[in-house]
Structure formats: C-alpha cells, structure tokens
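Participant: With the input below, show me the fold.
(one chain, ligands or ions: 1)
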Amino acid sequence: MRILLVGAGLSCAVIGRRLAEAGHDCRIIDSRPHIAGNCHTERDGETGVQMHVYGPHIFHTDDAEVWDYVNGFAEFLPYQNRVKSTTQGAVYSLPINLLTINQFFGKTMRPDEARDFIAAQADLTIEDPQNFEEQALRLVGRDLYEAFFKGYTEKQWGCSPTELPASILKRLPVRFNYDDNYFFHRFQGMPKDGYTQMIAAILDHPRITVELETPYAPDMADAADHVFWSGPLDGYFGYELGRLGYRTLDFERFTHDGDYQGCAVMNYGDREVPYTRITEHKHFSPWETHQGSVCYREYSRAAQPEDTPYYPIRLVEEKALLEDYIAAAEAVEGVTFVGRLGTYRYLDMDVTIREALDTAATVLRCIDEGRPVPAFVVSPR
Ligand SMILES: Cc1cc2nc3c(=O)[nH]c(=O)nc-3n(C[C@H](O)[C@H](O)[C@H](O)COP(=O)(O)OP(=O)(O)OC[C@H]3O[C@@H](n4cnc5c(N)ncnc54)[C@H](O)[C@@H]3O)c2cc1C
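Facilitator: Numbers count the residues shown, from 1 in each chain. Model prediction:
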C-alpha cells in the first residue's frame, strides 16, 4: 500500500518503519525543516552543546520492549534526572525527599520521624478534596504546598490550583529517603548522539521517503491508500468546531562561560519569578566537555493559533470539544489519528513508541484481514 504519514516525529517514524518493513511504501511529510518533532536535538553552532530544542527530554521506561527498540537505533548512555528547585531564597532537592524536608524545616529527621511529621502537617479537615490545592493541602500541608506546588503550578498552567482537578496529585508526592532520582522507571538514559540521530536511524529504510518543510494539503491523501495524522486533531478539520486549548512554552536562550547552574534543570517555585525553570543543556550530556554553556529560561502561557502547541489542557471545556472532534474523526475513512497531538494527550516518549508499535500491529492485521483501519487505535479519551 501507499501510506502517507503526516509528521516526522516519533509516532509516525515508528509506525512508518514497521509498515515499511512489512513491504508498504511510506511517504512522511513534516512542515518543520527537521525530523524528530518535539524530541529534536541539534548541536549549538556557538558552543557545540547538544541542545534539546523543544525543551528537556529524558528517556525513561519500564517497558523492556520499548527499551530494546530504542537501543536498536541509538547508543544510550546512563542518565538520571536530578532536579533542583530554587524557592523562598534557598535551593532544594526534588522530588520532595528526606533531604528537602530536613532542609526546609531545619531538622535532622529519620524516615519514620519525617513520615509522622508530614502527616501532622497535612490538613485532615479536608475530607474530600475538590481541587488540586485541597488535595495538596491534605497530603503535605500548607508550607510545602506553597513552596513547591502553588507558584510553580500557577505559572505552568496559568490558573489558580483551585481550578485544577484533584486527580493531578494522586499519591503523596514525597519520598521518605534520600532518593532524588526523578523517575522510578527501571530503564533510564540519554541517546549519546541525540534524539534526532535516533529518529534518523528509524527513518533510514528504502521504503521510507521523508519530505521536510512540506505542510499537509488535502490532495496529498488522494495519492495514498491510508493516512496517519500526528498533527493536531482539530487542525485536521481546519479548527472548524473551535480550538482545543494548549499551553505553549517560550524559551529565552542565553549563554554562559563555564557552568551556569551546576545541574540540567533548576525549577523556580516562587510566583514572583516569571519563568518556571532554567535548563542548562550541556548537563544532559555529562560525557561531553564544553567550556561554553547554553541555557533556556522557560516561560509557559496559553497557546495562540500561531504558537507551537505543547501541553494539552484537557479541562472540562476542552474535553467537551474533544468529544465533538472524536465524533468527526470517526466519521472520516482512511485516516488514523496518532501521537500526542493527534489524540490530544500528553505522552512521554516511551508511551508514544509503545502506542506506535501497537498501532502498526493493529493496522497490519486490519490490512491482512481486509478490515477497515480505525480512526483511533488508542482512544483519546
Ligand atoms: C516540553 C516537553 C518536554 C518533554 N519531555 C519529555 C521527557 O523528558 N521524556 C519523555 O519521555 N517525553 C517528553 N516529552 C514528550 C515528547 O516530546 C513526546 O512523547 C513526543 O514528541 C511525541 O511524538 P509525536 O510524534 O506524537 O509528536 P510530535 O513530536 O509533536 O510530532 C508531530 C509532528 O507533526 C508535524 N506536523 C503537525 N502538523 C502538521 C501538518 N499539518 N503538516 C505536516 N506536518 C505536521 C509537526 O511539525 C511535528 O514535527 C516532552 C514534551 C514536551 C512538550
């Protein structure tokens, strides 16, 4: 079959590769001048630092098949994400752990003592938390909430934590030991030569062609037997029902001679500091040495039509509109909506790959059995 895949990010690269290996011809287009979508990495011309152009990307997963898959296309080196936070005039370790608690409260507690201490901070008068703020107060109490959650969340989401669902904070976001590894996953690492190299290797197949700076036009679908769409779901329909809300990010680049902050990611918890975090890219490649350094100050705001969509908002209003677009998509034949934009969900890279592998398997089965390929292999709900 002749397959058109819209977007040269992880989703369509992985799906295209599987379909190409099964003998189908895959044409992949992207409106941007580079492959790899939001995972794109490139060397900074001035300093030689490997840049995470659309924000920091750390690979972490519990899925052994996905880990084997990425290691088949790139050399991964060990990397553990250790985030710090500057808040109320001091630097703390994240996620909140025993060091954070002892420093913040000026104590020397052992794990059991800290557990009792935090339990005593928790506001148990809130029996049934109705929003993010109430949930945080019930779990960790006002002091930790205000230092580590309130200002950061207001900046990240542009609204009061009282307007966000309680479900965002499911479990107690605190560790009672000194483990400051940000992720719990079994496999964690960074591709030695960057994500774009890895995705270039996935796309390197004789049945795959890639065209950059090529936005989708409806007549392209005429020449294809099936289309995969990893662009925005509402964008496929020309936004005719309205726009699904996104947060976008502005990155303010600056350079520094030497080491600017001593770590890759420094969060800023105070509301008065307008940015959410500073990323110092060379620390993502600790096996490299660079005298110069490049940093991004990261600002979050509501996405306007011309902005890059980053985080889907998915509150009540957006979910209602999403239902309308799901119905519209299910009425279209010959198109499968995939990936973070096509299904309007935040997806980590490992989940993106898992879903892409599953999508390719389902589609190949449908083709074999002569069944129609569904609009969604993974539900956007
Ligand atoms: C700030 C940020 C940080 C992240 N950090 C991590 C992390 O640390 N770890 C992790 O695992 N994951 C992280 N992620 C998630 C990761 O970026 C996604 O999992 C991944 O990018 C999803 O790939 P995709 O192919 O679905 O989408 P994308 O990468 O967005 O690719 C979609 C592509 O489609 C193209 N496109 C859209 N519309 C059209 C059109 N009309 N015509 C042609 N082309 C079009 C776009 O240009 C884009 O290249 C992060 C995401 C963000 C936003």
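
Participant: For the stretch 201-350 of the chain, which segments are assigned as helices?
Facilitator: With helices called from DSSP state H, counting those that start in this stretch, the stretch 201-350 of the chain shows them at 233-236, 316-330, 339-342, 349-369.

Participant: which one of these is the most hemmed in?
Facilitator: Of the helices of the stretch 201-350 of the chain, the one with the most neighbours on average (mean count of other C-beta atoms under 10 Å) is helix 339-342, at a mean of 28. (Glycine included, C-beta is placed from N, CA and C.)

Participant: can you list contacts of it?
Facilitator: For helix 339-342, contacts defined as C-beta atoms under 8 Å, 6 or more residues apart in numbering pick out 7, 9-12, 38, 229-233, 235-236, 309, 312, 346-347, 352, 355-356.

Participant: Also within reach of the ligand: list those from those.
Facilitator: Here is what survives when the contacts of helix 339-342 are matched to the ligand using C-beta under 6 Å from any ligand atom: Gly7, Gly9, Leu10, Ser11, Asn38, Ser230, Gly231, Gly235, Leu347, Thr352.

Participant: Quick one: residues contacting the first one.
Facilitator: Gly7 makes contacts with Ile28, Ile29, Asp30, Gly37, Trp229, Ser230, Gly231, Gly339, Leu341, Gly342, as judged by C-beta under 8 Å, 6+ apart.

Participant: Hmm, the third one is touching Ala8, no?
Facilitator: Going back to what we said before, that points to Asp30. Yes - the pair Asp30 / Ala8 is scored as a contact, 3.9 Å apart, by C-beta atoms under 8 Å.

Participant: And the two? Which one has more around it.
Facilitator: Ala8 (28 against 24; other C-beta atoms under 10 Å).

Participant: Report the contact partners of the more buried one.
Facilitator: Each residue near Ala8 by C-beta under 8 Å, 6+ apart is listed here: Ile28, Ile29, Asp30, Arg32, His34, Ile35, Ala36, Gly37, Ile199, Leu203, Val210, Leu212.

Participant: and the nearest residue to Pro215 once chain neighbours are set aside, how far is that from the ligand?
Facilitator: Leaving aside its sequence neighbours, Pro215 sits nearest to Ser31 (C-beta to C-beta, 6 or more residues apart in numbering; 4.0 Å). Ser31 is 4 Å from the ligand, where distance means C-beta to the nearest ligand atom, to the nearest Å.

Participant: Look at the nearest residue to Ser160 once chain neighbours are set aside and give its secondary structure.
Facilitator: In space, and not counting its chain neighbours, Ser160 is closest to Glu154: 6.6 Å by C-beta to C-beta, 6+ apart. Using DSSP: H, G, I helix; E, B strand; the rest coil, the structure places Glu154 in helix.

Participant: Glu154 is in contact with Glu272, isn't it?
Facilitator: No - between Glu154 and Glu272 there is no contact under C-beta under 8 Å: 11.0 Å.

Participant: Please enumerate the shared neighbours of Asp30 and Ala8.
Facilitator: Gly37, Val210, Leu212.

Participant: thought Gln156 was touching Thr276?
Facilitator: Yes - here Gln156 reaches Thr276: they are 5.5 Å apart, a contact under C-beta under 8 Å.

Participant: Find residues that contact each of the two.
Facilitator: Contacts common to Gln156 and Thr276, judged by C-beta under 8 Å, 6+ apart, are Ser300.

Participant: quick revisit: wait, what's in contact with the residue nearest to Pro215?
Facilitator: Contacts of Ser31 (C-beta under 8 Å, 6+ apart): Glu213, Thr214, Pro215, Tyr216.

Participant: could you flag which of these are buried?
Facilitator: Thr214, Tyr216 (16 or more other C-beta atoms under 10 Å).

Participant: Next, the buried residues of stretch 172-183.
Facilitator: Pro173, Val174, Arg175, Phe176, Asp180, Tyr182, Phe183.

Participant: Could you check how far the first one is from the ligand?
Facilitator: Translated: Pro173. The gap separating Pro173 from the ligand is 18 Å, by C-beta to the nearest ligand atom.

Participant: That residue contacts Asn97, doesn't it?
Facilitator: No - Pro173 lies out of contact with Asn97 (C-beta under 8 Å); the separation is 10.4 Å.

Participant: Verify the contact between Leu139 and Ile168 for me.
Facilitator: No - judged on C-beta under 8 Å, Leu139 makes no contact with Ile168 at a distance of 11.6 Å.

Participant: In terms of neighbours, single out the busier of those two.
Facilitator: More crowded of Leu139 and Ile168, by other C-beta under 10 Å: Leu139, with 24 against 15.

Participant: Now for the residue lying closest to that one once chain neighbours are set aside: which residues touch it?
Facilitator: Leaving aside its sequence neighbours, Leu139 sits nearest to Leu172 (C-beta to C-beta, 6+ apart; 5.2 Å). Applying C-beta under 8 Å, 6+ apart, we find Leu172 in contact with Ile118, Leu139, Val140.

Participant: Leu172 and Pro309: what is the separation?
Facilitator: 32 Å (C-beta to C-beta, to the nearest Å).
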